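>>> Attaching a predicted model along with its sequence, questions to come.
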Amino acid sequence: MADDLIDVVIADDQELVRTGFEMILDAQPGIRVVGVARDGVECVELARRLRPAVVLADIRMPRMDGLEVTRTLAGEPPGESATNVVVITTFDQDDYVRDALRFGACGFLLKDAPPALLVEAVRAASRGDALVSPAVTVRLLRGLRHRADGEERQEAAGLSGRETDIARLVAVGRTNQEIAEELFLSLSSVKTYLARVQAKVEVRNRVEIAAWAWENGVVTSRDRRP
């Protein structure tokens, strides 16, 4: 049914990128591209008019860059008109990506990402279960400065031991299925714990849980994948 479709707006100043993403997503069941934009201003206009479930926005665009797009569309308080924005980036843009995270981006995607990862990012964002890609997010989040001892910070947030385990695994890029297998939990239990962590550390999505864990020293060296 049309009501079940995930509507997507793509914003990138490179025509090949826009066309490629559009072809990949339109070929997927349950996903349709409802608009494409060549710059940030056009992206915001389309998003406000079409109200897509997900916006894919390149960080570097004319007139309005992806940071301002993210701040504008994703910065609304939860429950209001905030839009799920997945940022399109390259490996040399870590500073930009950190800013996008602070502005409310719910995922990051490399321009040369395989089609399956693009589709996964869109589906995850539409569920509010943001994609944390080990190839991008873990690398940049490692650079966040630890503000205090991890044990002190998790205690201050009121996290239980299990909730801390969940936050730590999210921060190093584990999927819900991987977390469930590693901790011998059901998928529904993992989702319940994620919701509790999100509420306790007062963040909006999965990516911000990861940022909180890295920034507050919750992740240890043994948690990190090569």
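Received it, and whenever you're ready, just let me know what you need. Numbering: from 1, shown residues only.
>>> When you work out contacts or count neighbours from here on, use the C-alpha atoms and nothing else.
Fine.
>>> Strands along the chain, start to end?
6-11, 31-37, 54-58, 84-89, 107-110 (DSSP state E).
>>> pLDDT (mean, whole number) over stretch 74-93?
Regarding stretch 74-93, the rounded mean pLDDT is 70.
>>> do the same with stretch 180-199
91.
>>> Give me the buried positions along that stretch.
Ala180, Val190, Tyr193, Leu194, Ala195, Val197, Gln198 (16 or more other Cα atoms under 10 Å).
>>> Not counting it itself, show me its contacts.
Leu159, Glu163, Thr164, Ile166, Ala167, Asn176, Gln177, Ile179, Arg204, Asn205, Arg206, Ile209 (Cα atoms under 8 Å, 6 or more residues apart in numbering).
>>> Now do that stretch: distance to the chain's middle.
18 Å (Cα atoms, centre = their mean, to the nearest Å).
>>> Which helix or strand in the protein has the lowest average pLDDT?
One helix or strand of the chain scores below all others by mean pLDDT, DSSP states H and E: helix 150-157, with a mean of 54.
>>> Specify the beta-bridge partners of the residue nearest to Phe108 when sequence neighbours are not counted.
In space, and not counting its chain neighbours, Phe108 is closest to Val87: 4.8 Å by Cα to Cα, 6 or more residues apart in numbering. Here Val87 sits in beta bridges with Ala57, Phe108, going by DSSP bridges.
>>> remind me which residues of this structure are low pLDDT?
Low-confidence segments of the chain, defined by pLDDT under 70: 1-3, 75-81, 91-95, 97-98, 129-157, 220-226.
>>> For it, just list every one of the helices.
For the chain, the helices defined by DSSP state H cover 15-26, 40-50, 66-74, 94-102, 115-127, 139-141, 150-157, 161-171, 176-183, 187-200, 206-215.
>>> Is it correct that Asn205 is in contact with Cys106?
Yes. Contact criterion Cα atoms under 8 Å: Asn205 and Cys106 qualify, at 6.5 Å.
>>> contacting residues around Val119?
Contacts of Val119 by Cα under 8 Å, 6+ apart are Ile24, Leu25, Gln28.
>>> State the distance from the second one to Thr70.
Computed as Cα to Cα, to the nearest Å, the Leu25 to Thr70 distance reads 21 Å.
>>> same check, this time on the last one
Computed as Cα to Cα, the Gln28 to Thr70 distance reads 25 Å.
>>> before we move on, back to that, now for the buried residues of stretch 180-199, which pair is the farthest apart?
Maximum pairwise distance among the buried residues of stretch 180-199 (Cα to Cα): 17.5 Å, between Ala180 and Gln198.
>>> Tally up the residues packed near Gln177, please.
By other Cα atoms under 10 Å, 12 other residues sit near Gln177.
>>> Number the residues from 28 up from this point.
All right, first residue 28 from here; so that's Gln204.
>>> nearest residue to it other than its sequence neighbours?
Leu214 (6.5 Å).
>>> Report the contact partners of Tyr123.
By Cα under 8 Å, 6+ apart, the neighbours of Tyr123 are Ile86, Leu94.
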